[in-house]
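Trainee: mind looking at a prediction? Sequence and model below.
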Amino acid sequence: MRDWLTPHERFWRERLTRMRGVLDALPDDAQPDPAQPARHQDGDS
């Protein structure tokens, strides 16, 4: 089981580490306004 799980753990550990770096780089006041509708990356609102 460990042999199968190890690559998946490594994959997600790397992704979460990168995400932490991105989030830590954002200003603390960069919170979305809950009154505003969510914006989508593909141009649809």
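Mentor: Structure received. Predicted, not measured: the structure shown is a model, and the values here were computed from it. Numbers count the residues shown, from 1 in each chain.

Trainee: can you pull out the residues in contact with stretch 12-20?
Mentor: Residues outside stretch 12-20 that contact it (CB atoms under 8 Å, 6 or more residues apart in numbering): none are found. C-beta here means a position set from N, CA and C on the backbone, and glycine is covered the same way.

Trainee: which parts of that stretch are buried?
Mentor: Buried residues in stretch 12-20, counting neighbours by 16 or more other CB atoms under 10 Å, are absent.

Trainee: what about dumping the CA coordinates of it to CSV?
Mentor: What follows is stretch 12-20, C-alpha atoms only, in CSV (Å, rounded to 0.1, in the frame of the first residue of the first chain):
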residue,chain,number,x,y,z
TRP,A,12,-0.2,16.7,-3.3
ARG,A,13,2.5,17.8,-0.9
GLU,A,14,4.3,19.7,-3.7
ARG,A,15,1.0,21.2,-4.9
LEU,A,16,0.0,22.3,-1.4
THR,A,17,3.4,23.8,-0.8
ARG,A,18,3.2,25.8,-4.0
MET,A,19,-0.3,27.0,-3.1
ARG,A,20,0.9,28.0,0.4
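
Trainee: average pLDDT for it?
Mentor: In this model, stretch 12-20 carries a mean pLDDT of 95.
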